[in-house]
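Participant: This is the structure alone, sequence omitted:
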């Protein structure tokens, strides 16, 4: 096959095995960024048009336009371009850049409300088309129990993907480039035939129906590409086609699905093989190699979904999490760093900082120094990069996993995730103290238990009550998730994305904790200080009198850090006691994205001294301002949380002032590399790095025109600071900016 | 509660238990038909209008009109009347009598083709409404394996409900009258709450979603009745309301579902309680009691579904199987015969013979003589009644079961059925002889095995091959059914009908055998005569040379009857080896309805001397003309098939000439009663009784105007002879008309 010329054969030539292809054919790069190119004139022209569009979008309140008549799907719109004949990598979600389409499959009312929020009405034909078409949202609410609805309303189970698409599923888009769709369709047809031999129990019937839907959409993808003049039925012949074919797969996925996070996977070493072959064959030079990546990244920056204001409230800044996983180690001891890893990072210079794609460095102690330093430099310059510990993830996920959304690792094309948002454990503590009642509305949510008196709390008694309610909550949580994902599979199944997985992928069900630091410090306060509850006229505990000092999470103090560690282990163990839908393996994350603000709003005062309604810290972060012992102590505390029971990720967002990091650029780079190595060598999992001063954010808040493209890492993703609502800006500003190492 | 005045309380007052209500309150009637009334003037007027409509329908080719724009559902049409203000029992499926509505949920293409067959096009809005709405048919064909499609195409698995709604589910419509919808909705809501306490595995989630759909449609039914001016949220207050409330339930069911057979259940003793109370209270007299039943029956005769010509080919005469189960015994030793059983039979005199409702006598040895004789008289006069053996069914189903369709017993409101059409076992024998190939198309369907030579067949070898292929086929059959019913539940669930069942009914999966007598006689020929296969140029056996005589099924000869008995037991055992969807219990019927003709067309020549394409005998009948030993021997042969492994029914259609039955009416009645007692005392299951001469049918075929309402029992149901196609008329004429006792 000419498309595979000069590739070393292996298992990948016989079976679908992209990882094997990569290992046999990639060229590790151990140098620095000195080879990189700037932009072409064409790139500058397209980029200028993209910027014009982004400004126009912003001026229109965040949404440029909506097609209210055509339900988004792979073939719903004619080809669209940024600048026709100037785009190298072609393909938009609709026929015009930044025009959003309605996608009611996950929730019809959501689609209506999203239109209305921007002054549109959903088309009458869409109404008719959904007359008998149940949506995911309808399905879920048919089955939700009263208790689930109460827990959801109170915000103790929160951010659940029950009205929007779940996301966090990564198609292995590389397969399209390597094998071509014709071969993939043939293989999936054979899969179906093989599974047809089994007895037809409900599981196998469901799987076979899934496969048939996949095949339908695989064929549609070929048609979509053909409308852009490309024949993706055959494998990609060169670097341009490899990038284009892969992007078509991703584009089809985001046309079909408006999932919360549609990540693109781990593509740099893969694409590097094609680029390197073209370079070797003399058909490409570095300038145009960079241009390909630049153009792909420009397209990624234009991906949009139509969201409701409520959704934006949880996940601020209109993110789509086009998470792009870069680097990491190969199991054979080489790093997976290629020149194309550099090229992706270079787009932050060529095209300017940006929240998307969500560039994620898979950090290993063994990565080459030049690459580490280049990453650190990009972080310092752009605040647009996050780091995740390849050395711990590789143990569980091998060397071809990708990150979905913020911190969720999965074996590319071999695992998928049922996304499960999070449980507010700080609220569970308050519920335990209030005998199962919600402290805000006073409603009985959990079974009625002892309501604690207005007397100094006994730690052991509180712990017993907490364990009982957390255990009850874990069961409710798994059952709620089971309903959500049953219905999502039934009414909003990801046909194309799942077609780019192995036919029977391993399933992960990703639970989450929010309020970890609040709960930890609260338990510490009860244990080490004297905490007395204060009740209101309803008999509900609404505040606490806390006397004496207590150790606080974030200062490398084992007395309290051990509580945080115990909480995650306990809750994970409890979750595992209830079977998950479709045989999924339970996983857990400590991640709040930006919803830590909303969660705080829905949570009463806590024994740690946090007032009612105050934001939580994001993810696994210590509470703002409490990690006073300096940057390293703060990192050391978070590093103690064990990845084994938090395989869906432990998110830590870290801000340090430039001066603290180092006196000059050279110094800052070295120190940041040392911080990362020192953090990750302790098996810590994730770090968002911001190198900036609080004052800069305050200035930007007061005058958005000062820094129009100011990008910061919030919690597992980057965001344009100006797109945040004021309360979220204030919360970011209130976070710890380490001024002491 | 005033509606329950004068009723004896019991478990039914506390829990939903219609059977308990009946037993405590019904009045057994042991007299004869002397009390019965004729029609009122009003009945005659409405009946005349119904007849006018039926003639108009017939003149239009079988379909009077179609509403192609409004998809049939409970609330899809405004109220309709035969004659407004003259109808006592109100309610039509659409806004005009005999106007049919489209119902694409089970199969969109089917709905389109059904419209086209009668010169209509389905509405464009319906197309849009089903743009994203998967139908049952689409779901099934997504998952069908190649082998299933081949088996279906060859006609070895045949009549499968994969393109039309499955039917055979009987809502317990009596509950509406007894309890009112408000109470039923409340109880179902409590059921949901109770089930919500369980862990949310896929089974419980499915059940909870089902329940929510039920609740939605229960509320719609209340609205539909309100549009007719009736408040069914409360229990029925008198006989009129009891009939009307019950009928509203049935009407809602047939508006929502176009299932093959939507039977009405066992309602006579129930309604009799209300009628008797009104009679006792002096608010009703016999004339008007009969008028109520007459009007209900008139409405039942107007039930229609829109069918394709292919469907009519299988189930001739446009049947809907409004099967109405009458009589039977109560477990306490009383018969369940009430005056209202007589009233239902009386409609055949008051309104004339008719195919619908499908009046089914649950026969017991212990029924009173006057009732037995009245039934026999009705049979002789109208050929519109069938008989099923209450003494065997009561053992398995208790005393409150109903018959769905032809012969399928189920506990009313406590069991439901997954209908499974049938497997052509005569074809399986040919397949076994041809090493797994279809004898018509030559296609390899089953795994390749030994193809028998053109030499005298060895019985033991043939039997081994048949067992192997029948066993393989049984597994394929169960798996095929599992797919069908998974998809039907998913895309065409019977919301209203299932709401009128217990929340977790027992499920029966009803398999079927066709070609029993052909297979039996073929095996007998191989065993007792010398059978030599004849192959064509493809090497496929297409004919047989049969030398010598052999015993034939239908002559009370154990040598061959034991083969028939063994076949059913063997096949049932094999079916049970593969688990059925949703924990269903396997059942089996020997029933072909009128599709014995089509099955014959699709089956090559058989060793019993039957030529290729010749019709099979219907159901469990001996082959036409081979049961030469007289009526009783024929019946004795069929009686040997054991009900224990054929709990879905063993259908026998029996025709005897009036002269053979007796010299005068008195004689005929006595003899028919004796025939029935003699047949059923052997634990036989079912008998269709026709008392007529072959010549009458020949005359009717040649000149349909001679006997415009000639009704005959075909196979589990009655049909207007003139509605049969010529090939089916010829087949009926070719059947055995016993001229010897």
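Facilitator: Structure received. It should be emphasised that the depicted structure is a prediction, and the values quoted were computed from it without experimental measurement. Numbers count the residues shown, from 1 in each chain, chains lettered A, B, ... in the order given.
Participant: contacting residues around stretch A:86-93?
Facilitator: By CB atoms under 8 Å, 6 or more residues apart in numbering or on different chains, the list of residues contacting stretch A:86-93 from outside reads A:42, A:45-46, A:72, A:77, A:79-82, A:99-101, A:228, A:230, A:240, A:243-244, A:247-248, A:251, A:254-255, A:291-292, A:295-296, A:298-299, A:302-304. For the C-beta atoms, the positions are set from N, CA and C on the backbone; glycine is no exception.
Participant: To clarify, my last question referred to stretch A:61-68.
Facilitator: A:53, A:56-57, A:77, A:94-102, A:115, A:118, A:120-123, A:126, A:306, A:312, A:318, A:723.
Participant: if you look at those, which of them are in strands?
Facilitator: A:99-101 (DSSP state E).
Participant: the helices in the stretch 601-741 of chain A, which residues?
Facilitator: A:631-639, A:658-661, A:665-680, A:694-702, A:726-734 (DSSP state H, counting those that start in this stretch).
Participant: need these in TSV with mean neighbour count, distance to chain B and mean pLDDT, can you?
Facilitator: Formatted as TSV, the helices of the stretch 601-741 of chain A follow (neighbours: other CB atoms under 10 Å in any protein chain shown; distance: least, CB to the nearest CB, whole Å; pLDDT from 0 to 100):
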stretch	mean neighbour count	distance to chain B	mean pLDDT
helix A:631-639	23	33	97
helix A:658-661	17	49	94
helix A:665-680	18	38	97
helix A:694-702	16	44	94
helix A:726-734	18	34	90
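Participant: Reformat those helices as JSON lines; add distance to residue B:642.
Facilitator: Formatted as JSON lines, those follow (distance: least, CB to CB, whole Å):
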{"stretch": "helix A:631-639", "distance to residue B:642": "73"}
{"stretch": "helix A:658-661", "distance to residue B:642": "88"}
{"stretch": "helix A:665-680", "distance to residue B:642": "73"}
{"stretch": "helix A:694-702", "distance to residue B:642": "84"}
{"stretch": "helix A:726-734", "distance to residue B:642": "75"}
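Participant: among the ones you listed, which is nearest residue A:510?
Facilitator: Closest approach to residue A:510 among the helices of the stretch 601-741 of chain A is made by helix A:631-639 (19.4 Å; CB to CB).
Participant: Report the distance from the closest one to the chain centre.
Facilitator: Remark: helix A:631-639 is offset 23 Å from the chain centroid, using CA atoms, centre = their mean, to the nearest Å.
Participant: hmm, who's touching that helix?
Facilitator: Contacts to helix A:631-639, defined as CB under 8 Å, 6+ apart, come from residues A:553-557, A:561, A:564, A:620-622, A:627, A:650, A:652, A:654, A:656, A:660, A:675, A:678-679, A:682-684, A:687, A:736, A:738, A:740-741.
Participant: What angle do helix A:665-680 and the helix or strand where residue A:381 lies make with each other?
Facilitator: In the assignment (DSSP states H and E), residue A:381 maps to helix A:369-382. Interaxial angle, helix A:369-382 versus helix A:665-680 (axes from the mean of the first three to the mean of the last three CA atoms, to 10 degrees): 110 degrees.
Participant: on that earlier part again, among the contacts of helix A:631-639, which ones are buried?
Facilitator: In these, burial by neighbour count holds for A:553-557, A:561, A:564, A:620-622, A:627, A:650, A:652, A:654, A:656, A:660, A:675, A:679, A:683-684, A:687, A:736, A:738, counting by 16 or more other CB atoms under 10 Å in any protein chain shown.
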